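Participant: I'd like to go over a predicted model; first the sequence, then the structure.
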Amino acid sequence: MNPDKRVAPSILSADFARLADQLRTVDEAGADMIHVDVMDGHFVPNITIGPVVVQWIRKHSQLPFDVHLMIENADDYIEPFVKAGANMISVHFEACRHLNRTLNLIHSLNCRAGVVLNPATPVEWLEDAFTDLDYVLLMSVNPGFGGQKFISHVLRKVEKLRFMRAQLGLSFAIEIDGGITLQNLRDVVVAGADWIVAGSSIFSAENPADAVRRMKEILKEFTIV
Ligand code: DX5
Ligand code: ZN
């Protein structure tokens, strides 16, 4: 069975001075999980938040926290993020030398494990990790910033990954992150994406709750009942 369709607002584009309010807004509008972008200024040219912030916002949301680590030495930070309240943790293929060990570490802490691929990293390179992971996150922008333009050739990677999953009879989820808007959402879901991360198209919208509701409506068109 294919994974359920989900909307994951990325708080990177939220107002950090009122994160609790922003979390409530997207939660009430029907968001399925909260995407948390962690950047270290080394793997990507930007710095965001650490476990302390996750721990504080955890008190303001019941939704699963989908933590996207854009950092080097991820193994050192996995346990602190789980303790802070992460339910799912994804690590970059490009930043992990011992991917199998890292995924086992995430699972040993009762957390869902994902692997992220940058736009130029082929999906075939994950073939030997498919059975170790719960989801694959395909970046549709170069990681580091919100509000960038969607890289459309990533759609071919989504299709290829969906095909490989079906061939192998596996059920990991396909998540996509970067440049997703109400305008291109149908295209990414048609290609095979299950979980949709959206930052600026939700939090920079005039009405973030409305943006979440409209995304959910579109996803409903693809839900098989
Ligand atoms: C980029 C982050 C994304 C970012 C997406 O490195 O991984 O999660 O928040 O932002 P938008 O949806 O604005 O492209
Ligand atoms: Zn992200």
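Facilitator: Structure's in. What do you need? Ligands and ions are numbered 1, 2, ... in the order given.
Participant: okay, helices next: where are they in this structure?
Facilitator: Shown for the chain, the helices assigned by DSSP state H span residues 19-28, 51-58, 75-84, 99-108, 154-168, 185-191, 200-203, 208-220.
Participant: now the first one: how far from the chain's centre is it?
Facilitator: Centroid separation for helix 19-28 versus its chain: 18 Å, with CA atoms, centre = their mean, to the nearest Å.
Participant: do the third one as well
Facilitator: Between the mean C-alpha point of helix 75-84 and the mean C-alpha point of its chain there is a distance of 17 Å (CA atoms, centre = their mean).
Participant: counting contacts, what elements does it pack onto?
Facilitator: helix 51-58, strand 65-70, strand 88-92, helix 99-108 (3 or more CB pairs under 8 Å, 6 or more residues apart in numbering; DSSP states H and E). From N, CA and C alone the C-beta is placed, and that goes for glycine too.
Participant: avg pLDDT for that helix?
Facilitator: In this model, helix 75-84 has a mean pLDDT of 98.
Participant: which residues are in contact with it?
Facilitator: 38, 50-52, 54-55, 58, 67, 69, 71, 89, 101-102, 105-106, 109-111 (CB atoms under 8 Å, 6 or more residues apart in numbering).
Participant: that one versus helix 99-108: what angle between them?
Facilitator: 20 degrees (axes from the mean of the first three to the mean of the last three CA atoms, to 10 degrees).
Participant: same check on the fifth one?
Facilitator: Regarding helix 154-168 and helix 99-108, their directions subtend 80 degrees when assessed with the same axes, to 10 degrees.
Participant: which other residues reach helix 154-168?
Facilitator: 117, 119, 122-124, 127, 130, 136, 138-140, 171-172, 174, 176, 187-188, 191-193.
Participant: that older thread, of all the helices of the chain, which lies closest to residue 43?
Facilitator: helix 75-84 (11.8 Å; CB to CB).
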